[in-house]
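**Student:** What follows is a protein structure lacking sequence information:
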DNA sequence: CTCCTTTTTTACATTGTGTTGAATAATCAA
DNA sequence: TTGATTATTCAACACAATGTAAAAAAGGAG
């Protein structure tokens, strides 16, 4: 994770900024935070912030990207679309639970729409790639894959958002199971698709 | 729409502010707009803005609320859940198309998360109320209604967002049809639910 | 016309941004 | 350890935007 080639001061500074950001998000929401706040909390000069990041959003994205990379890197590879969707949902719900205090703010009205947009697009992209691996390229699809994936990406986002804003009334396992049922019973996977049952197709 | 009991100056001022907001959203995105910009464009004094609205968000919400109220007021009532979902989607896609230049910005990374949150919650709430009208209160549901509705609310949002950010490659009719198929084939309506086919239940 | 409300004008204090140039301090590489 | 490099600090600046105030001017309602 921590690049050894990086100056220790840089590593220390970025960690301090990240921790300060997390604390402040927790305390007063994201939009209310200023660069001043962050550097004050981190006990760093404000100029130092601009040495590393363009602005508040830049910091947030790089920090969240690190978080998410750490998450996905620890995921075992899956081979069926069915299995992938189940696994992926579970891992994501657990991740969100671990950083619940962050997501509770970042998905609320005091959060960041650019982050939300990136999340949805990421979900859709991941689903699209998985689907393309499995669906034969010349298959006659009832609906454009892109449409289907953005439907499910939004659905998944809606579920995560509801869950975390309602203070996570179910376990990640239960949520993943409900999500899985909602997805499995629907759309692409139950339609004809050349009469192949994709849910059981292994690569 | 326009309250006759309201001073003409007030009506004029609010309309000018609304139009200025729309123009500016179109030109430079929402987040980049300042109160200064709005009043400059509207040819009004900045103080006048604060006489009517608390801040930029306050203006946006009240304006969008008017838009949406005008939309829903013009909708004919529906009686079956199936029919409602189909009609509602179509009306919403048409509405979004009409104000595409607004939504293209408001749903992009330069938009407003609080507006997005309100939209999703509105979709979920509307679906919930319709479902409660129809589902018998003592029915044993396979999943909590709230979960199901937030799944579909997010899905619908994901679809609308994808559509408008991709410059609306399909007609509202096609989108509503695709949305309808994705919903109809899934989850709640295809499960047992005491073996009643809710999709054909009239009130 | 007269009262009442809205709008303007001018002004002020406050906060935050983004960037400077020079001084200082920490780290790295050899 | 030394010397070069790089990160951080400090002080300061110009700028943009917010939110509020009091008094004057303009406009609409009855």
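**Tutor:** Structure's in. What do you need? Remember, it's a predicted structure, so these values are computed and weren't measured experimentally.
**Student:** what's near enough to touch residue A:17?
**Tutor:** By Cβ atoms under 8 Å, 6 or more residues apart in numbering or on different chains, the residues touching residue A:17 are A:38-39, A:42, A:44, A:49, A:52-53, A:59. Glycine gets a C-beta too; all of them are placed from N, C-alpha and C.
**Student:** distance of it from residue A:149?
**Tutor:** 35 Å (Cβ to Cβ, to the nearest Å).
**Student:** Figure out how far the helix or strand of chain A with the lowest mean pLDDT is from the centre of its chain.
**Tutor:** Counting by mean pLDDT, DSSP states H and E, chain A has its least confident helix or strand at helix A:81-98, which shows a mean of 86. Relative to the chain's own centre, helix A:81-98 is displaced by 10 Å; criterion: Cα atoms, centre = their mean, to the nearest Å.
**Student:** Show the subsequent helix or strand relative to that helix.
**Tutor:** As assigned by DSSP states H and E, the chain's next helix or strand after helix A:81-98 is helix A:100-106.
**Student:** host element of residue A:169?
**Tutor:** Going by DSSP H and E, residue A:169 is not part of any helix or strand.
**Student:** Pull the contacting residues for it.
**Tutor:** By Cβ under 8 Å, 6+ apart, the residues touching residue A:169 are residue A:163.
**Student:** still on that earlier bit, pull out the buried members of the contacts of residue A:17.
**Tutor:** With burial judged by 16 or more other Cβ atoms under 10 Å in any protein chain shown, the buried subset of the contacts of residue A:17 is A:38-39, A:42, A:44, A:49, A:53, A:59.
**Student:** Need those residues in TSV (columns: secondary structure, pLDDT and distance to residue A:68).
**Tutor:** Output for those, formatted as TSV (DSSP: H, G, I helix; E, B strand; the rest coil; pLDDT from 0 to 100; distance: Cβ to Cβ, whole Å):
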residue	secondary structure	pLDDT	distance to residue A:68
A:38	helix	98	21
A:39	helix	98	25
A:42	helix	98	22
A:44	coil	98	25
A:49	helix	98	22
A:53	coil	98	18
A:59	helix	97	15
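**Student:** average pLDDT across stretch A:158-178?
**Tutor:** For stretch A:158-178, the mean pLDDT works out to 97.
**Student:** Any idea which residue is closest to the centre of chain A?
**Tutor:** residue A:119 (4.9 Å; Cα atoms, centre = their mean).
**Student:** give me the element that one is part of.
**Tutor:** helix A:113-134.
**Student:** Can you name the secondary structure element that comes next after that helix?
**Tutor:** Heading C-terminal from helix A:113-134, the first helix or strand you meet, by DSSP H and E, is helix A:145-165.
**Student:** got the angle between the helix or strand just after that next one and helix A:145-165?
**Tutor:** Sequence-wise, the next helix or strand downstream of helix A:145-165 (DSSP H and E) is helix A:172-184. Using axes from the mean of the first three to the mean of the last three Cα atoms, to 10 degrees, the direction of helix A:172-184 lies 150 degrees away from that of helix A:145-165.
**Student:** Helix A:172-184 to helix A:81-98, inter-axis angle?
**Tutor:** Using the same axes, to 10 degrees: helix A:172-184 against helix A:81-98 is 140 degrees.
**Student:** re earlier: from memory the residue nearest to the centre of chain A sits against residue A:158, does it?
**Tutor:** No: Residue A:119 lies out of contact with residue A:158 (Cβ atoms under 8 Å); the separation is 11.5 Å.
**Student:** End to end on stretch A:164-176, go ahead and measure it.
**Tutor:** 13 Å (Cα to Cα, to the nearest Å).
**Student:** Thank you, goodbye.
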